[in-house]
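Engineer: 3D, please:
(one chain, ligands or ions: 2)
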Amino acid sequence: MHVLRGVGAAPGVARGPAVRIDPPIRPAARSIVAEEVARERERLAQATEVAAAELEAIAASVRAQGHPDEAAIFEAQAAIARDQALAQAAEARIGEGAEGSDAIGAVLAAADSFADQLRGLGDEILAARAADVIDVGTRIATILAGGRMGVRTLDRPSIVVADDLPPSMTASLPRDRLLGLALEGSSPTAHAAILARAYAIPAVVGVRGLLDATAAFDASHGAEVALDGATGEVVVAPDEAAGRRFERRADEARRARARDVEDARLPAETQDATAVTLLANIGTPDEAAVALELEARGVGLFRTEFLFLERSSPPSEAEQVDAYRRVVEAFRPHPVTIRLLDVGGDKPIPYLPIPAEANPFLGVRALRLAATKPDVFVRQLRAAYRAATAGPVKVMAPMVADAGDATLLLDLAARARTELHAEGLASGDVALGVMLEIPSAILVADSYFGSLAFASLGTNDLLQYTLAVDRGNPALESYRDSLHPAVLRLIAEAVAAARRSGVELSVCGEMAGDPVAALALVGLGVRSLSMAASSLPGVRRAIRAVNLATLEDAAAASLDDPSAERVRARFSSLLGTSPV
Ligand code: PEP
Ligand code: MG
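Structural biologist: Ligands and ions are numbered 1, 2, ... in the order given. The predicted structure follows:
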């Protein structure tokens, strides 16, 4: 038995026979003579076209089977294959002599070099996309060598073990036989992990020693593997005791899940009957199903970046209408809050070039992009108005600092509406609001709240901008508690301004999904909380365990507390738990 540790990438417990999947073999390159150069260039162009067409066909078939998110991966790969940059870099490498290569060597080298550049950008999400570029390069090289990239099947329910899985291979695995995924390499933001989470397949990544531990077994019988996608534990050839331990955990996980779904029917209200509306944060339309199962009363934050990242051209209006409408139809009669694009210098987008900035989080981010790229936002707003014919829609702008930004949102929305009207396209009503994530937006809220329907506190950025704590810097973990009295004072200010103007107020930062912090928010007067679906059960239980009067007293006192730690202890004690 080998007990190994990795990083939990998709929760759940799985146990079964391991099937090892090796990456597709890269065909060998050869050197060529001058007379062959023109022919190799031609072959490269043809193979690239075949690869792009293959990927588009896979995308269409996956989309037709009802998996638009998976289809988007193949569409993005087709776009990479068709991208002139990769084709030209590969072509430039074809040549005779030591520097040159045949088309196979050229395309593999060009893909490797692009992948290295992506990894070097210092962005985890883009680094994970390097796998897509390599995947496409290997596909083109395989076609040049006269082969085909195979689709992997599993002949029985199995745990797939690999170093890393190319996205195209992950997506082609039969989901009904894929019990779990254990990868020696990879990261939680890689496609393999994203797909595992989307389809609730337990997964652990970064498991050092995994391939050696499983290699010791006869390939035809394979090793048995047990894994826990929450804790990151992987056991190869579990003995009887370990096997029982995993069975128990699997049972517990099943029971906890059943309990959560059962409890989701209970109202989210305090013991003295103050109701709190619990909403879901989602990042793709596919996340709607789990949120609905856990009784989210709408979407408080639909992050729309998934439509814009990892592609070489912007999403069309029709594509956006389709994505928004899917969510609206799933949640109606409850509202869906679409957040306008929130990207900036930290997330480069090829078709939205933003000059490099020394401090991207203080730079041309989110709504600030509208100064130079208003059309991107108008198109998004047009799509939201069109999706609103299917059910209630709200739209909010990220990174609003003051009345000028609120007016900008209203102007963009008015332009979208006027255009749709002039074109005779049907549109519905959309409530307009802003995210409160820059302290200035709260301090001057009275100057613009009158023109809006709602506001939502983005406590992740509010914390970062209030305490000058970079949200991605692990060295600052001890500073990063949103229960800091300075943040609470700003929230209290936002609640008071919202009451004065009759503006609906909610919270959609991570704070809302932390049961202890959620109690502080209710105590401060917030009655609408939006969070990752997996946080809904814990927050519902916390709210049902307390009295509003107690929360209000604790919240009032916490504004004068000296530290976040003290505030956390105060609210943890109301739940009978010690602070975490
Ligand atoms: C926030 O800042 O709290 C928020 C919800 O937005 P994001 O995390 O997407 O910046
Ligand atoms: Mg934010």
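Engineer: List phi and psi for Val19.
Structural biologist: phi -120, psi 120 (degrees, to the nearest 10).
Engineer: how about it, what does it touch?
Structural biologist: Leu154, Ser158, Ile159, Val160, Val161, Gly222 (C-beta atoms under 8 Å, 6 or more residues apart in numbering). Backbone N, C-alpha and C define where each C-beta goes, glycine included.
Engineer: The last one: what secondary structure?
Structural biologist: With DSSP: H, G, I helix; E, B strand; the rest coil as the basis, Gly222 sits in coil.
Engineer: Next: the fourth one.
Structural biologist: Three states are possible here, and by three-state DSSP the one that applies to Val160 is strand.
Engineer: What are the phi and psi values at Leu279?
Structural biologist: Taking degrees, to the nearest 10 as the convention, Leu279 sits at phi -120, psi 170.
Engineer: and the nearest residue to it once chain neighbours are set aside, what element?
Structural biologist: Once flanking residues are discounted, Leu279 sits nearest to Gly300: 3.5 Å by C-beta to C-beta, 6 or more residues apart in numbering. Assigned by DSSP states H and E, Gly300 belongs to strand 299-303.
Engineer: So what's the gap between that strand and the chain middle?
Structural biologist: The chain centroid and the centroid of strand 299-303 are separated by 12 Å under C-alpha atoms, centre = their mean, to the nearest Å.
Engineer: And for stretch 238-256?
Structural biologist: For stretch 238-256, the distance to the chain centre is 29 Å (C-alpha atoms, centre = their mean).
Engineer: What of stretch 415-425?
Structural biologist: On C-alpha atoms, centre = their mean, the centre of stretch 415-425 falls 32 Å from the chain's centre.
Engineer: That one: which residues count as buried?
Structural biologist: Arg415, Ala416, Arg417, Glu419, Leu420 (16 or more other C-beta atoms under 10 Å).
Engineer: how close does the fourth one get to Gly433?
Structural biologist: Looking back up the chat, that one is Glu419. 21 Å (C-beta to C-beta, to the nearest Å).
Engineer: Could you do the third one as well?
Structural biologist: Computed as C-beta to C-beta, the Arg417 to Gly433 distance reads 16 Å.
Engineer: do Asp322 as well
Structural biologist: To Gly433, Asp322 is 24 Å away according to C-beta to C-beta.
Engineer: Compare neighbour counts for the two and give me the winner.
Structural biologist: Taking neighbours as other C-beta atoms under 10 Å, Asp322 and Gly433 compare with Gly433 leading, 25 against 17.
Engineer: Please give me every residue in contact with that one.
Structural biologist: Applying C-beta under 8 Å, 6+ apart, the residues contacting Gly433 are Thr337, Lys394, Val395, Met396, Ala397, Leu452, Ala453, Phe454, Ala455, Ser456, Val503, Glu504.
Engineer: hmm, back to that, looking at it, the residue nearest to Leu279 is touching Cys508, isn't it?
Structural biologist: Yes. Taking contacts as C-beta atoms under 8 Å, Gly300 lies within contact range of Cys508: 4.7 Å.
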